[in-house]
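1. Predicted coordinates and the sequence they were generated for:
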Amino acid sequence: MNNLVTRAKELLTNNTVQVFIGYEAGPTGLARPAFITSAEKADKLIYDERCVQNLAVYLTKHEVKKLGKAAIVATLPVMRSIMMLISEQQVNPENLVVVGISSDAKLLDIADIKVMEGIIEKSDLNNPPKYRELLAELNNMTPAEKFTYWQNELSKCVKCYACRQACPMCYCTRCTVEVNQPQWIPVQANTHGNMEWHILRAMHLAGRCVSCGECGRACPVGIPCHLLTMHLTDQVYNYFKVHAGTSDKMSSVMSTYEPNDKESFII
């Protein structure tokens, strides 16, 4: 993608940014994140159907922050993740240049956060079409069938926490699973402990998940854990008409209460 390379070289040559976060081809041909710190290295940047990782996950990493002001290649999920991170005061917009990518792989002119907000508002913010059928099938199950389904799926979990590491919104420096005084979540991988972990994580992402699907894609044993957070994404919109990542001033759905909130979830 020549325009992307040109843009990266321009930003780095002018010292507008000190690092350009994008994609490059790895040794096996798969796309991987690239952290370009000089214009001479920008030619390795690519963008095609292989580039699926949510690069916003790196914006909260100390190793990346210390490189200086960053530019980042941003598809819709990345833009929404950035909005969430700004609203939660994890990213300073003044230290970031967003290089937007449209759904048809064209560069978007994003001068500031308000422009990005406008692009997001005009986009389809529902769960990706490829997952909607699976979510509908799960919703048609009885509570007992759902419990059996998730018990079987989550019993495969080996507690590697790849789902957590791939998620831009899992940025806590110390996760609940690493707290042992008291021990909130069992260390060992077993069905009950696994369910505790995944339910806890899903609840922490309620109203914050941007439906990028990275958690499920990262899982080495193929657990569709993204369907848990995407289900809550649907529920949050159904009850509160809120989509995550639409503003840099998002309120927390789980701790904000309005007199007109629906109460039909109370049994």
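-> Received it, and whenever you're ready, just let me know what you need. Keep in mind the model is a prediction, meaning the values are calculated, not measured. Numbering: from 1, shown residues only.
2. in the helix or strand where I119 lies, what counts as buried?
-> Assigning secondary structure by DSSP states H and E places I119 in helix 113-121. Residues of helix 113-121 classed as buried by neighbour count (16 or more other CB atoms under 10 Å): 113, 116-117, 119-120. Any C-beta I mention is one placed from the backbone N, CA and C, and that applies to glycine too.
3. Repeat that for stretch 227-245.
-> 227-234, 236-237, 240, 242-245.
4. Distance from the chain centre to it, please.
-> 14 Å (CA atoms, centre = their mean, to the nearest Å).
5. can you pull the alpha-carbon coordinates of it into CSV?
-> Extracted in CSV, the C-alpha atoms of stretch 227-245 (Å, rounded to 0.1, in the frame of the first residue of the first chain):
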residue,chain,number,x,y,z
LEU,A,227,-18.9,-14.4,21.6
LEU,A,228,-19.2,-13.8,25.4
THR,A,229,-18.2,-10.1,25.1
MET,A,230,-20.1,-9.7,21.8
HIS,A,231,-23.2,-11.0,23.5
LEU,A,232,-22.8,-8.4,26.2
THR,A,233,-22.2,-5.8,23.5
ASP,A,234,-25.7,-6.6,22.1
GLN,A,235,-27.2,-6.5,25.6
VAL,A,236,-25.6,-3.1,26.4
TYR,A,237,-27.0,-1.6,23.3
ASN,A,238,-30.5,-3.2,23.8
TYR,A,239,-30.8,-1.9,27.3
PHE,A,240,-28.9,1.4,27.2
LYS,A,241,-28.5,2.3,23.4
VAL,A,242,-24.7,2.6,23.9
HIS,A,243,-22.0,1.4,21.5
ALA,A,244,-18.4,1.4,22.9
GLY,A,245,-15.8,3.6,21.4
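6. Low-confidence stretches in the chain?
-> Filtered on pLDDT under 70, the chain yields the residue ranges 1, 265-267.
7. Where do the helices of it begin and end?
-> 2-13, 62-65, 76-87, 113-121, 129-139, 143-154, 162-166, 191-204, 214-218, 226-240 (DSSP state H).
8. helices or strands next to the last one in the packing?
-> Taking 3 or more CB pairs under 8 Å, 6 or more residues apart in numbering; DSSP states H and E as contact, the helices and strands that helix 226-240 lies on are helix 129-139, helix 191-204, helix 214-218.
9. same deal with the fourth one?
-> Counting contacts by 3+ CB pairs under 8 Å, 6+ apart, the secondary-structure elements packed against helix 113-121 are helix 76-87, strand 96-101.
10. hmm, back to that, who's in contact with the helix holding I119?
-> 74, 76, 79-80, 82-83, 86, 93, 98, 100, 108-110, 245-248 (CB atoms under 8 Å, 6 or more residues apart in numbering).
11. what does stretch 177-191 give?
-> Under CB under 8 Å, 6+ apart, the answer for stretch 177-191 is 151, 154-155, 157-159, 161, 164, 176, 192-193, 196-197, 200.
12. want to try JSON lines for those, with neighbour count as columns?
-> Output for those, formatted as JSON lines (neighbours: other CB atoms under 10 Å):
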{"residue": "Q151", "neighbour count": "13"}
{"residue": "L154", "neighbour count": "21"}
{"residue": "S155", "neighbour count": "14"}
{"residue": "C157", "neighbour count": "22"}
{"residue": "V158", "neighbour count": "12"}
{"residue": "K159", "neighbour count": "15"}
{"residue": "Y161", "neighbour count": "16"}
{"residue": "R164", "neighbour count": "19"}
{"residue": "T176", "neighbour count": "13"}
{"residue": "H192", "neighbour count": "11"}
{"residue": "G193", "neighbour count": "17"}
{"residue": "E196", "neighbour count": "17"}
{"residue": "W197", "neighbour count": "24"}
{"residue": "L200", "neighbour count": "15"}
